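A predicted structure for the sequence below; I have some questions about it.
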Amino acid sequence: MKQYWMAAALAAALLAGGAAQAAQPGLAETAEAVSVTAGTLKFDSKLPQWEGGTALARAKVNGALAAERLRFAERLAKAGEKGDVEGWLSWQAGRTDDRVVSLLLLESIYFKGAAHPTTHVVGMTFDGEGDRVTVEDILPMTGLTSPEALNGLIEKQGAERGLMLFPAEWRQVSAWPEEFYVGTDGKIYFLFQQYEIAPYAAGWLAIEAGTYQER
């Protein structure tokens with residue numbers, strides 16, 4: 001079950017052409033266990049480890065990643081109080097160098113007996129100092145003046161890439177997405193979760209919205 005759904009989730013990212021499943025230079029992977037106890041709970045965790053940049057930048061990036069994994073583990077533990085649950089955390093790399101480290105964490109939860117798991121994608125981008133880049137930081141780089149302008153990008157890129165989308169009247173965007181990443185191509189991608197602008201079968205989607213400029 002897990003292998004099938006993880007493969008489907010990873011494939012969704014490749015539609016954007018801005019993330020890589022293979023580790024990039026300066027990245028390693030750790031499968032260090034995170035202990036959580038609640039009900040019948042299984043948690044499989046793989047986490048990227050940044051090995052580039054300065055010692056301080058590495059500490060900031062890897063500390064933020066560890067904190068996100070712990071947050072997800074605590075969410076799983078709470079979900080486990082309601083019944084048997086399985087969770088797994090996987091990742092992909094966007095642009096990773098001494099100027100920008102951008103990663104995708106895919107956090108999946110599956111309740112026993114459910115038709116399918118749910119996956120939430122988290123974008124985590126850091127500058128050369130290891131500080132987190134926010135949506136507010138990247139908005140001037142997109143050239144977009146309002147969230148509604150994203151609707152045109154979704155329509156255009158959906159047609160170009162043959163994406164499975166909800167009808168336009170069902171997917172009107174009126175707020176900036178909370179998640180984004182910088183792809184291996186240096187482009188900024190806004191991330192839309194399952195069911196936000198497309199049916200479950202389409203997975204989560206990434207919409208290109210400009211070029212990242214180093215701070």
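Arrived safely.

Flag the shaky bits of the chain, pLDDT-wise.
Applying pLDDT under 70 to the chain picks out residues 1-25, 30-44.

hmm, 90 instead?
Where the chain drops to pLDDT under 90, the residues are 1-49, 51, 69-70, 73-91, 98, 109-118, 154-155, 158-174, 194-203, 214-215.

Give the buried residues for stretch 95-109.
Residues 95-96, 100-109 are the ones in stretch 95-109 that count as buried (16 or more other Cβ atoms under 10 Å). Yep, even glycine has a C-beta here, placed from its N, CA and C like the rest.

And the strands in the protein?
27-30, 41-45, 47-50, 85-96, 100-111, 118-127, 179-182, 187-192, 205-211 (DSSP state E).

still on that earlier bit, report the two of the buried residues of stretch 95-109 separated the most.
Spanning the widest gap among these are 100 and 109, at 29.4 Å by Cβ to Cβ.

what's the neighbour count on residue 168?
Residue 168 has 12 neighbours, counted by other Cβ atoms under 10 Å.

And residue 115, by the same measure?
7.

in the longest helix belonging to the chain, what's buried?
Secondary structure of the chain per DSSP state H: the longest helix is helix 55-80. By neighbour count on 16+ other Cβ under 10 Å, the buried set for helix 55-80 is 57-58, 60-62, 64-65, 68-69, 72-73, 76-77, 79-80.

How many neighbouring residues does the nearest residue to residue 200 once chain neighbours are set aside have?
In this structure, residue 200 finds its nearest non-sequential neighbour in residue 194, 5.6 Å apart by Cβ to Cβ, 6 or more residues apart in numbering. Close neighbours of residue 194, defined as other Cβ under 10 Å, add up to 21.

My guess is residue 194 contacts residue 204. True?
Yes: look at residue 194 against residue 204 with Cβ atoms under 8 Å: they come within range, at 5.6 Å.

Pull up the overlap in contacts between those two.
Residues touching both residue 194 and residue 204 (Cβ atoms under 8 Å, 6 or more residues apart in numbering) are residue 119.

related to what we said a few turns ago, so which other helices or strands are in contact with the longest helix of the chain?
The contact analysis (3 or more Cβ pairs under 8 Å, 6 or more residues apart in numbering; DSSP states H and E) places helix 55-80 against strand 41-45, strand 47-50, strand 85-96, strand 100-111, strand 118-127.

quick one: contacts for residue 71?
Contact analysis of residue 71 by Cβ under 8 Å, 6+ apart lists nothing.

Can you give me the distance of it to residue 107?
Counting by Cβ to Cβ, to the nearest Å, the gap from residue 71 to residue 107 is 9 Å.

what is in contact with those two at once?
Counting by Cβ under 8 Å, 6+ apart, no residue touches both residue 71 and residue 107.

Which parts of stretch 205-214 count as buried, going by neighbours?
So, applying 16+ other Cβ under 10 Å, buried residues of stretch 205-214: 205-210, 212.

what do you get for stretch 126-140?
126-128, 130, 133, 137-139.

what's the answer for stretch 194-207, then?
Buried residues in stretch 194-207 (16+ other Cβ under 10 Å): 194, 197-198, 202-207.

ok so, going back, tell me the one among the buried residues of stretch 126-140 nearest to residue 167.
residue 139 (27.5 Å).

Now that the closest one has come up, it's in contact with residue 176, right?
Yes: using Cβ under 8 Å, residue 139 is in contact with residue 176, at 7.2 Å.
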